[in-house]
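Undergrad: this one's structure only:
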Ligand SMILES: O=C(O)CCC(=O)C(=O)O
Ligand SMILES: [Fe+2]
């Protein structure tokens with residue numbers, strides 16, 4: 001069936017396309033009364049054709065040439081400053097660009113008066129009868145020079161599912177792409193629609209929801225014939241395209257839509273719309289009273305930002321099925337690597353006692369969060385294909401929001417742990433408690449927004465939805481993603497880096513002072529000269545490289561009266577071990593001015609107290625410095641790796657977000673998406689690298705099952721000592 005607009009000059013046509021014959025059109029021109037359309041509704045009356053029915057109407061000469069000229073002239077009067085210039089076209093969003101966190105809200109204002117006759121005809125034709133406001137309330141004016149076009153996209157959820165496009169100035173060919181079984185667009189268009197100047201193209205129903213449309217960036221359209229143009233039978237001026245080719249001129253399209261959400265304007269906005277600030281594009285605020293000026297400026301600033309984003313409401317889907325597939329594959333491969341790495345961390349930590357040291361408690365917690373996060377990534381885009389409301393898509397969104405946030409939080413807890421160890425004199429139990437609370441916080445805090453987003457239905461839609469790479473906070477809510485996710489994550493990353501840097505500074509300072517102190521070395525100064533804090537740090541520094549399962553550290557009776565005692569009396573090695581490595585604690589390695597005894601659970605004996613004779617002082621000093629170099633290197637390596645992993649994980653995806661939010665919302669860079677798909681799911685693997693690097697000996701023992709041999713060797717050494 002077809003639709004007959006009330007205007008007698010218009011021929012109303014419905015195109016029915018058989019999806020099995022891709023380029024060959026099966027069109028029907030039929031005229032039926034408007035009342036029958038209204039009675040039945042445009043959408044529901046259409047019988048399904050093939051496996052997918054695009055619902056589309058082509059009406060040549062919807063407006064006449066004089067009307068076309070007049071509208072073009074009026075559009076040309078709009079100052080250049082009001083246009084948003086994009087790479088391959090420029091556009092005007094009237095009465096204004098959409099606003100609100102999801103950029104789906106129209107500030108109530110009339111459409112420009114020079115479009116009134118077209119709007120009236122659309123209304124009379126009743127194309128919008130089933131839409132929210134029964135008439136268009138928004139128009140996007142696109143201007144294309146020859147060679148310009150628009151990438152394949154969907155018009156998105158901000159509008160009622162109907163678009164009416166009037167072409168002015170030149171013809172174009174609109175290409176329609178089907179989606180494949182997993183909801184991705186096919187590489188080649190399935191249909192081509194020739195739109196003549198003055199024509200109207202209405203897309204609705206299945207066509208609106210199930211297909212993508214775009215215009216190729218070419219200067220000459222070819223294959224303009226009945227075999228390749230789906231509406232060829234309806235083309236009015238076939239003579240103009242007889243050669244099968246047509247060079248494009250400058251085309252202006254008016255895309256009328258009905259924005260579902262409309263916000264009534266307050267006093268200042270009403271005033272502004274009366275002053276035609278929105279319609280006529282005046283940028284001056286000078287006519288307003290003081291308070292209004294401030295609001296006007298705020299609105300202008302907001303409009304500036306939105307202007308750059310207007311096209312985002314088109315809900316672009318710029319990638320081909322092949323591109324989306326490659327993003328999917330790379331994300332899933334890296335996620336699987338991370339899953340394997342995290343599983344190793346969890347299994348080895350649980351099953352091999354020497355690995356259960358404080359820093360690895362955190363590595364273990366991070367691995368747990370990585371397992372859930374990377375599990376979600378490993379599903380790739382399949383949850384997207386399962387549908388926004390599917391449990392799979394919602395679970396993927398939940399896991400990513402929850403556990404991917406847990407990771408940087410835990411790294412921050414780890415950095416805090418290192419910082420407390422190096423800078424304060426808290427004992428092992430205090431640090432363990434702080435760790436415990438930190439870990440709990442890191443798991444519980446991100447769960448709150450994650451579950452809120454799962455239940456929240458702003459505008460009746462789920463928060464989690466298609467976010468291109470996976471189901472996450474949906475693309476149209478990218479501001480929410482920025483505020484809830486990217487900003488907190490970067491705050492955490494910088495906090496961690498600062499804490500690492502402060503701890504590193506402390507290490508370097510101690511190293512310097514130790515060198516000076518060792519120069520002045522004599523038996524008295526050995527005990528007294530370094531400041532209390534440095535001495536404390538000396539313990540932690542040594543602990544950095546001490547055995548894994550040291551449990552106690554005691555002051556020898558000979559030191560019980562010196563100032564060193566109170567600080568180390570209750571100190572266990574664990575309390576000062578932010579990063580253990582399982583190097584053998586060679587008695588010769590003990591720092592000469594750290595006169596203390598260390599016991600280990602396996603050694604069950606004390607290491608000798610050093611009381612170096614003056615002939616050995618030189619050698620001891622050299623060893624002290626070299627020991628500190630080792631400590632410093634270990635610390636630096638650990639902090640460096642944590643920082644590198646954080647950066648690798650978060651930089652590509654954050655650059656992508658900044659680019660799409662603030663620089664060019666209309667253009668998605670495949671390389672940035674690819675880098676994000678590669679790096680984001682890789683953080684579990686990065687954390688596994690840190691874990692194995694900082695506990696290499698234990699990991700090696702675990703893998704080669706030589707833990708027993710190693711313990712025996714240690715016992716032998718200690719008894720020998
Ligand atoms: O210019 C056209 O014909 C298409 C414009 C379009 O698809 C849009 O603005 O969403
Ligand atoms: Fe569009």
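TA: Perfect, thanks for sending it. Treat the numbers as computed from the prediction; the structure is a model and nothing was measured. Numbers count the residues shown, from 1 in each chain. Ligands and ions are numbered 1, 2, ... in the order given.

Undergrad: use CA for all of it now, contacts and neighbours both
TA: Will do.

Undergrad: what segments of the stretch 101-250 of the chain are strands?
TA: All strands of the stretch 101-250 of the chain, identified by DSSP state E, counting those that start in this stretch, fall at 105-107, 138-144, 150-153, 159-168, 172-178, 191-195, 200-204, 211-215, 220-221, 246-247.

Undergrad: could I get those in JSON lines, plus columns for mean pLDDT?
TA: Below are the strands of the stretch 101-250 of the chain laid out as JSON lines (pLDDT from 0 to 100):
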{"stretch": "strand 105-107", "mean pLDDT": "88"}
{"stretch": "strand 138-144", "mean pLDDT": "95"}
{"stretch": "strand 150-153", "mean pLDDT": "90"}
{"stretch": "strand 159-168", "mean pLDDT": "94"}
{"stretch": "strand 172-178", "mean pLDDT": "93"}
{"stretch": "strand 191-195", "mean pLDDT": "93"}
{"stretch": "strand 200-204", "mean pLDDT": "91"}
{"stretch": "strand 211-215", "mean pLDDT": "92"}
{"stretch": "strand 220-221", "mean pLDDT": "94"}
{"stretch": "strand 246-247", "mean pLDDT": "95"}
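
Undergrad: which of those sits closest to residue 55?
TA: Proximity to residue 55 (CA to CA) singles out strand 200-204 among these, at 5.4 Å.

Undergrad: do the closest one and ligand 1 meet?
TA: No: for a cut-off given as CA under 6 Å from any ligand atom, strand 200-204 has no contacts with ligand 1; the smallest distance is 8.4 Å.

Undergrad: ok, residue 213 - contacts?
TA: Contacts for residue 213 were tallied using CA atoms under 8 Å, 6 or more residues apart in numbering; they are 151-154, 174-177.

Undergrad: can you redo those as a markdown table with neighbour count?
TA: What follows is the contacts of residue 213, written out as a markdown table (neighbours: other CA atoms under 10 Å):
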| residue | neighbour count |
| --- | --- |
| 151 | 20 |
| 152 | 23 |
| 153 | 20 |
| 154 | 21 |
| 174 | 21 |
| 175 | 20 |
| 176 | 23 |
| 177 | 25 |
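
Undergrad: identify the farthest-apart pair in those.
TA: 154 and 174 (12.9 Å).

Undergrad: contacting residues around the nearest residue to residue 247 once chain neighbours are set aside?
TA: Residue nearest to residue 247 in three dimensions, not counting chain neighbours: residue 220, with 4.2 Å by CA to CA, 6 or more residues apart in numbering. With contact set as CA under 8 Å, 6+ apart, residue 220 has these partners: 146-147, 245-248.

Undergrad: repeat the analysis, applying 10 Å as the threshold.
TA: Residues in contact with residue 220 (CA atoms under 10 Å, 6 or more residues apart in numbering) are 146-147, 172, 245-249.

Undergrad: who wins for neighbours among these?
TA: residue 172 (30 neighbours; other CA atoms under 10 Å).

Undergrad: count of neighbours near the residue nearest to that residue when sequence neighbours are not counted?
TA: Setting aside the residues directly before and after it, residue 172 is nearest to residue 195 in space (CA to CA, 6+ apart), at 5.4 Å. If you count neighbours by other CA under 10 Å, residue 195 ends up with 23.

Undergrad: do I have it right that residue 195 meets residue 60?
TA: Yes: the criterion here is CA atoms under 10 Å, and residue 195 meets it with residue 60 at 8.0 Å.

Undergrad: identify the contacts common to those two.
TA: Between them, residue 195 and residue 60 share the contacting residues 166-167, 201, 235, judged by CA under 10 Å, 6+ apart.

Undergrad: nearest to residue 337 among those residues?
TA: residue 201 (48.9 Å).

Undergrad: for that closest one, what are its contacts?
TA: Contacts were defined as CA under 10 Å, 6+ apart; by that measure residue 201 touches 13-14, 56-60, 62, 163-167, 174, 193-195, 255.

Undergrad: tell me the residues of the stretch 601-721 of the chain that contact ligand 1?
TA: Residues of the stretch 601-721 of the chain lying near ligand 1 (CA under 6 Å from any ligand atom): none found.

Undergrad: all helices of the stretch 601-721 of the chain, in order?
TA: For the stretch 601-721 of the chain, the helices defined by DSSP state H, counting those that start in this stretch occupy 614-658, 670-679, 683-694, 696-704, 707-720.

Undergrad: repeat that for the stretch 201-350 of the chain.
TA: 205-210, 267-274, 277-280, 290-309, 321-351.

Undergrad: and the gap between the residue lying closest to residue 342 once chain neighbours are set aside and residue 686?
TA: Setting aside the residues directly before and after it, residue 342 is nearest to residue 367 in space (CA to CA, 6+ apart), at 4.7 Å. As defined by CA to CA, to the nearest Å, residue 367 lies at a distance of 10 Å from residue 686.

Undergrad: overlap of the contact sets of those two?
TA: Residues touching both residue 367 and residue 686 (CA under 10 Å, 6+ apart) are 338, 341-342.

Undergrad: and the buried ones among these, selectable in PyMOL?
TA: Only the buried members of the shared contacts of residue 367 and residue 686 enter the following PyMOL selection, criterion being 16 or more other CA atoms under 10 Å:
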select buried, resi 338+341+342
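
Undergrad: tell me which residue in the stretch 351-500 of the chain sits closest to ligand 1.
TA: For the stretch 351-500 of the chain, the nearest residue to ligand 1 under the criterion CA to the nearest ligand atom is residue 476, separated by 15.1 Å.

Undergrad: so that residue makes contact with residue 158?
TA: Yes: distance between residue 476 and residue 158: 9.0 Å, which falls inside the contact criterion (CA under 10 Å).

Undergrad: so who does the residue in the chain positioned nearest to ligand 1 touch?
TA: Using CA to the nearest ligand atom, the closest approach of the chain to ligand 1 is made by residue 253 at 4.7 Å. Each residue near residue 253 by CA under 10 Å, 6+ apart is listed here: 91, 139-144, 164-172, 197-198, 200.

Undergrad: go again using 8 Å as the cut-off
TA: Contacts for residue 253 were tallied using CA under 8 Å, 6+ apart; they are 140-143, 165-168.

Undergrad: now those: which count as buried?
TA: 140-143, 165-168.

Undergrad: near ligand 1, which of those show up?
TA: Okay, of these touching ligand 1 (CA under 6 Å from any ligand atom), that's 140, 142.

Undergrad: can you list the residues of this structure near ligand 1?
TA: Residues of the chain lying close to ligand 1 (CA under 6 Å from any ligand atom) are 140, 142, 155, 253, 255, 314.

Undergrad: number of nearby residues for the closest residue to residue 486 other than its chain neighbours?
TA: In space, residue 486 comes closest to residue 654 once its chain neighbours are excluded; the distance is 6.9 Å by CA to CA, 6+ apart. Applying other CA under 10 Å, we find 19 other residues in the vicinity of residue 654.

Undergrad: do the one 10 residues further on as well
TA: As a burial measure, residue 664 scores 17 neighbours (other CA under 10 Å).

Undergrad: gap between it and residue 658?
TA: Residue 664 sits 9 Å away from residue 658 when distances are taken as CA to CA.

Undergrad: likewise for residue 216?
TA: Applying CA to CA, one obtains 27 Å for the distance of residue 216 from residue 658.

Undergrad: neighbour-wise, which of these two wins?
TA: Between residue 216 and residue 658, counted using other CA under 10 Å, the more crowded position is residue 216 (17 against 14).

Undergrad: show the contacting residues for that one.
TA: Contacts here follow CA under 8 Å, 6+ apart; on that basis residue 216 touches 147-151, 173-175.

Undergrad: now do the helices in the stretch 51-200 of the chain.
TA: Assignment of helices within the stretch 51-200 of the chain using DSSP H, counting those that start in this stretch yields the ranges 65-77, 116-125.

Undergrad: for the record, mean pLDDT for the shortest one?
TA: The predicted model assigns helix 116-125 a mean pLDDT of 92.

Undergrad: check contacts around residue 364.
TA: Under the criterion of CA under 8 Å, 6+ apart, the contact list for residue 364 reads 345-346, 349.
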